[in-house]
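*Asks:* any chance you could fold what I've pasted below:
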Amino acid sequence: QVQLVESGGGLVQAGGSLRLSCAASGRTFSRYTMGWFRQAPGKEREFVAKISWSGGSTYYLDSVKGRFTISRDNAKNTVFLQMNSLKPEDTAVYYCAAPVAPYRDPTTATGFGSWGQGTQVTVSS
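*Replies:* All right, here's what the predicted structure looks like:
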């Protein structure tokens, strides 16, 4: 399994931007689909975005389409989430995640076996 460490969260006003980063350990990062999830207080963890191991395919939660962009740098073992036009409802702890094995493309959170510690994103109105 890969080890994941997120960074880049913080407090921002509505309409602002943040860029989250997730650094992964291991030599096989380029073989893993990577995902971003979030969990707001009192709510279940929800999928936000994912990117294929090559970076050629991306998928987003409907409510973030056009505002968030997931990308990756396989040479640096890092996945990013660029968040623009942030809204108060985007406030949550954001987690990056990797599947339990390489070359898998999970469609639900249960398919992701490695999780980072999370980074807090707070959007003020």
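*Asks:* the most centrally placed residue in the chain bridge partners, please.
*Replies:* Residue closest to the average C-alpha location in the chain (C-alpha atoms, centre = their mean): residue 36, at 2.2 Å. The partner list for residue 36 in beta bridges (DSSP bridges) reads residue 49, residue 96.
*Asks:* ok, it touching residue 92?
*Replies:* No: applying C-beta atoms under 8 Å as the test, residue 36 and residue 92 come out as separate, 10.6 Å apart. Quick note: C-beta positions are derived from backbone N, CA and C, even for glycine.
*Asks:* residue contacts, residue 111?
*Replies:* 99, 100, 104 (C-beta atoms under 8 Å, 6 or more residues apart in numbering).
*Asks:* my reading is that the last one lies in a helix. Confirm?
*Replies:* No: per DSSP: H, G, I helix; E, B strand; the rest coil, residue 104 lies outside any helix segment and is coil.
*Asks:* how much space separates it from residue 33?
*Replies:* 6 Å (C-beta to C-beta, to the nearest Å).
*Asks:* got the phi and psi for residue 111?
*Replies:* phi -80, psi -10 (degrees, to the nearest 10).
*Asks:* and the strands in this protein, which stretches?
*Replies:* 4-7, 10-13, 18-24, 34-39, 46-51, 58-60, 68-73, 78-83, 92-99, 112-115, 119-124 (DSSP state E).
*Asks:* would you single out the least confident of those strands?
*Replies:* Comparing mean pLDDT across those, the weakest is strand 112-115, with a mean of 93.
*Asks:* in its sheet, which strands sit next to that strand, and in what direction?
*Replies:* When DSSP bridges is applied, strand 112-115 pairs with strand 92-99 (antiparallel).
*Asks:* relative to strand 18-24, how tilted is the partner strand?
*Replies:* Relative orientation of strand 92-99 and strand 18-24, computed by axes from the mean of the first three to the mean of the last three C-alpha atoms, to 10 degrees: 30 degrees.
*Asks:* with adjacent residues omitted, what lies nearest to residue 38?
*Replies:* residue 92 (3.8 Å; C-beta to C-beta, 6 or more residues apart in numbering).
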